[in-house]
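In: here is a sequence together with a model predicted from it:
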Amino acid sequence: MQPSPIAFTPSECEFFSMPEAMRSFDWIRKNVRVVAGPYKGQLWNPAISPSAEEILDILDDEQVRKVFLIAPSQSTKTTIIITWLLAALMRRLDNVGYGLADESSVRRMFTKTLHEYFRLCTPLKKKLKGTDALQNTEIQLTGGAAILGMWSGSDSRSRSFSAPIVVVDEEDSYQDKSAVLAMEERPDAYAGLGLSKIARLCRPKGNEDESTIWIDANAEADAWLVREAVCPACRAAQIMEHHNIVALDGSTDPQRIRREKLGRYRCEKCGYLWTDQARNQALMNGQLVSIRGKRKGAVVVAVHMRAWESPLVSLSDVLCQWFEAQGNPRKLQRFDNNVCAKPYKFVQLKQSESELTRCISEHLPVGVVPDWAKCLTFAADMQKDHFKYSVCAHGLPRAEHIVDYGVVRTFEELQKLIFESRFRTLDGKEFGIWRAAVDTGGGKNKDEQTTRTMQAYLWLLSLRPGVVFGTKGMSRIRVGEAVYHKVLDKYPDGRAIRGGLSLHFIDTDLFKRDCFWRLAEGWEEEPITFHSDTTQEYLKEIASEELERQKNGKEVWVRKRANHWLDCLTTHLALAHWQWKPSLNELAGSMEQAVPVEDTALDTKKKPKKQENPFTDGMTLFGGEYE
């Protein structure tokens, strides 16, 4: 046998050798190891993300030129894309561009993540060019190929090379949004050869006008894919939506839901409540389906994943974040961006008195308490020479009904209303006031020596503690706090308050948003209703403010007319909020354990015995005053 006239070097043999034909999904399971966390060093299991295998197959599809992967943090979206491009390099060695927001982000990605993948994967190690191939913003590969880092503002770097594969990561964080266009130009030379592939992955940030991945995916995608789950009980296929995530016992207390893992997903077909484990199985039994366009033949594909569709996220955590976000614009935006993986949509909140008439309960006259009520609260808004007040019934799960409202002139009349008023249900159960609040803001009247605030403080100090509380709106929002408690040690004039005065500060913006949502979109879910004798004057005050967005983007409440009964209504919501301790949820739960159903403290004719009372003596609880 004659020797070959041409002798190839080992590197030339590798370059001209047939690429591996293995699917990315199969190669990853066989070769790629976890680079961080408790499972570091172990082979990565793509099944940790139910959609991973299908996304990897979409990326392998030669017909698909661009993939948008829209998903929240910690959803394995970055891992899916990185492991796919590593598998693609094993099939065909060529340049790869990897884009991030800034140079420091690129350095972290390369040194903490990409370098580790190469170190832990033997086949990838063989692709490195020399001992110094792993650099801070570049990985040099055999045959002259490289993985090159790009970042917003690095125009010279982003435009100086061609690459068949480009990854654009977390683009909504880029200061220069045009950087995405520059990065997408890198595969142009390969487009005609059918080799180009662009992957854009991001958690949407900001609103609909700010998220470039959301805008571009909606404009360009031939097919929009979401995960379909299959109920373990009835086998019905469905797309999971967060309004079907509920608490096992109807609780609305985020702390309890998180602590006791009460979150469940309610099947739309049979009502079966999925645990986290059942949810995981339902997702694994499902598939990606197109809700817009056809997957077959698509050149640009968008895949949208939400937090509750990941086995790494508990349904209880999602439900907690939802309850904590209600009425809070910052948390609502974070919920939309981080959990739903969509831009935050500003909704102008406003009401009209004519629309509010549907909230009137014709079967409940003034002074009559609904049979579902757990307690009554009293709220008063202080004016220069009078008070506007209302009485509200509260139920669990959340429901509110305005039992009565009106006007009084003096503190004495106010005190008599709070401590002596009694209201009844249609079947005769009697209620007193459980908790009351009086707004303490106000200036000095022309003919008086003291301010209304000072008068309110002196009056509150004259009352026995535990029933009536002073309130003020927060001057500065405290993230995560709807209500907080403070003991004042000085009067407004600087004199010391002997023994201190308990005051509660309220995030009025949060409670107004909650109130307007519940009077409109959320009315059937968490209703607020009014007694049958409610007047147009009252409804006009409830509809007296509108939430508007100013030119600078700031959201503000604009008052159109007198708003005192609206302030009372938002105060009622604060009085029953879980952060006002002890909360309605806590007290109701304690009483259910301590008192037989037939002896409930909601009926003042049958008061709980003192030895069974889990609370402080002297408190007015659920209409029954302790002896």
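Out: Sure thing, it's come through. Numbering: from 1, shown residues only.
In: which ones are touching residue 229?
Out: Counting by Cβ atoms under 8 Å, 6 or more residues apart in numbering, residue 229 makes contact with 237, 238, 239, 240, 279, 282, 283, 285, 286, 309. Where C-beta positions appear, they are placed from N, C-alpha and C, glycine not excepted.
In: which ChimeraX command selects the buried ones in the residues you listed?
Out: Here is the ChimeraX command that selects only those of the contacts of residue 229 that count as buried (16 or more other Cβ atoms under 10 Å):
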select :238,240,279,282,283,286,309
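In: could you tell me which of the contacts of residue 229 belong to helices?
Out: 279, 282, 283 (DSSP state H).
In: return the member of those nearest to residue 129.
Out: Taking Cβ to Cβ as the measure, residue 283 is the one of the ones in helices among the contacts of residue 229 closest to residue 129, at 41.0 Å.
In: the closest one is in contact with residue 312, isn't it?
Out: No - at 11.6 Å, residue 283 does not count as touching residue 312 under the criterion of Cβ atoms under 8 Å.
In: let's have the contacts of residue 229 in CSV, adding distance to residue 400 and pLDDT.
Out: Below are those laid out as CSV (distance: Cβ to Cβ, whole Å; pLDDT from 0 to 100):
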residue, distance to residue 400, pLDDT
237, 38, 96
238, 32, 96
239, 32, 96
240, 30, 96
279, 32, 97
282, 35, 97
283, 37, 96
285, 41, 96
286, 39, 96
309, 33, 95
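In: let me see the contact set for the closest residue to residue 372 other than its chain neighbours.
Out: Leaving out its chain neighbours, the residue that sits closest to residue 372 by Cβ to Cβ, 6 or more residues apart in numbering is residue 395, at 4.4 Å. Neighbouring residues of residue 395 by Cβ under 8 Å, 6+ apart: 370, 372, 373, 374, 401.
In: phi and psi next, for the third one.
Out: Its backbone dihedrals place residue 373 at phi -70, psi 140, with angles given as degrees, to the nearest 10.
In: so it touches residue 396, yeah?
Out: No - Residue 373 is beyond contact range of residue 396, at 9.7 Å (criterion: Cβ under 8 Å).
In: quick one: low-confidence ranges for this protein?
Out: 1-8, 10-21, 38, 155-159, 327-330, 346-348, 442-449, 479-480, 551-553, 589-627 (pLDDT under 70).
In: can you pull the domain assignment for it?
Out: Split into domains by automatic domain parsing, the chain comes to 15-241+280-313, 361-534+564-625.
In: can you add distance to residue 451 and give the contacts of residue 229 back as TSV?
Out: Output for the contacts of residue 229, formatted as TSV (distance: Cβ to Cβ, whole Å):
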residue	distance to residue 451
237	65
238	59
239	57
240	55
279	56
282	61
283	60
285	66
286	63
309	55
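In: in strands, which of the contacts of residue 229 appear?
Out: For the contacts of residue 229, the ones inside strands are 237, 238, 239, with DSSP state E as the criterion.
In: follow-up on the earlier one: and of the contacts of residue 229, the nearest to residue 104?
Out: When the contacts of residue 229 are compared against residue 104 (criterion: Cβ to Cβ), the nearest one is residue 309, at 31.0 Å.
In: excluding chain neighbours, what is closest to that closest one?
Out: Spatially, and ignoring its direct neighbours in sequence, residue 309 is nearest to residue 227 (5.0 Å; Cβ to Cβ, 6+ apart).
In: what of residue 77?
Out: Leaving aside its chain neighbours, residue 77 sits nearest to residue 71 (4.2 Å; criterion: Cβ to Cβ, 6+ apart).
In: return the distance of the one you found relative to residue 463.
Out: Distance, residue 71 to residue 463, using Cβ to Cβ, to the nearest Å: 54 Å.
In: which one's more surrounded, those two?
Out: residue 71 (25 against 15; other Cβ atoms under 10 Å).
In: these two touch, right, residue 578 and residue 257?
Out: No - if you go by Cβ under 8 Å, residue 578 and residue 257 don't touch, sitting 10.4 Å apart.
In: quick one, helices of the stretch 401-550 of the chain?
Out: Remark: helices assigned in the stretch 401-550 of the chain by DSSP state H, counting those that start in this stretch are 411-420, 452-462, 508-519, 536-542.
In: follow-up on the earlier one: ok, the contacts of residue 229 vs residue 380, which is closest?
Out: Distance to residue 380, by Cβ to Cβ, is smallest for residue 240 among the contacts of residue 229, at 44.4 Å.
In: ok, for the closest one, nearest residue in space, not its chain neighbours?
Out: Closest to residue 240 by Cβ to Cβ, 6+ apart is residue 229, at 5.4 Å.
In: over to residue 124?
Out: Distances taken as Cβ to Cβ, 6+ apart put residue 118 closest to residue 124, at 4.7 Å, once the chain neighbours are dropped.
In: neighbours of that neighbour, how many?
Out: Neighbours of residue 118 using other Cβ under 10 Å come to 21.
In: looks to me like it is in a helix.
Out: Yes - note on residue 118: a helix contains this position according to DSSP: H, G, I helix; E, B strand; the rest coil.
In: just checking, it touches residue 125?
Out: Yes - Residue 118 lies in contact with residue 125 (Cβ under 8 Å); the separation is 6.1 Å.
In: could you dump the domains of the chain to a markdown table with distance to residue 253?
Out: What follows is the domains of the chain, written out as a markdown table (distance: least, Cβ to Cβ, whole Å):
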| stretch | distance to residue 253 |
| --- | --- |
| domain 15-241+280-313 | 20 |
| domain 361-534+564-625 | 5 |
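In: buried ones in the helix of greatest length in the chain?
Out: When the chain is parsed with DSSP H, its longest helix is helix 77-91. Under the neighbour-count criterion of 16+ other Cβ under 10 Å, helix 77-91 has 77-90 buried.
In: and the residue nearest the centre of this protein?
Out: Centroid-nearest residue in the chain: residue 335, 2.3 Å away (criterion: Cα atoms, centre = their mean).
In: so how far is residue 550 from that one?
Out: Distance from residue 335 to residue 550, counting by Cβ to Cβ: 23 Å.
In: before we move on, the earlier item: ok, so of the ones in strands among the contacts of residue 229, who is nearest residue 264?
Out: Proximity of these to residue 264 (Cβ to Cβ) peaks at residue 238, which lies at 14.7 Å.
In: would you confirm that the residue nearest to the centre of the chain contacts residue 321?
Out: Yes - proximity of residue 335 to residue 321 meets the contact threshold set by Cβ under 8 Å, at 5.5 Å.
In: of the contacts of residue 395, select the buried ones using a ChimeraX command.
Out: Buried residues within these, by 16+ other Cβ under 10 Å, are selected in ChimeraX with:
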select :370,373,374,401
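In: keep only those of the contacts of residue 395 that are in strands.
Out: The strands, defined by DSSP E, take in residue 401 from the contacts of residue 395.
In: quick check: the farthest pair among the contacts of residue 395?
Out: The largest separation in the contacts of residue 395, counting by Cβ to Cβ, is between 374 and 401 at 11.5 Å.
In: how about residue 575: what's its closest non-neighbour residue?
Out: Going by Cβ to Cβ, 6+ apart, residue 575 has residue 377 as its nearest residue, at 4.3 Å.
In: what pairs with that neighbour across the strands?
Out: residue 392, residue 435 (DSSP bridges).
In: check residue 265 too.
Out: residue 245, residue 274.
In: these two touch, right, it and residue 274?
Out: Yes - between residue 265 and residue 274 there is a contact at 4.2 Å, judged by Cβ under 8 Å.
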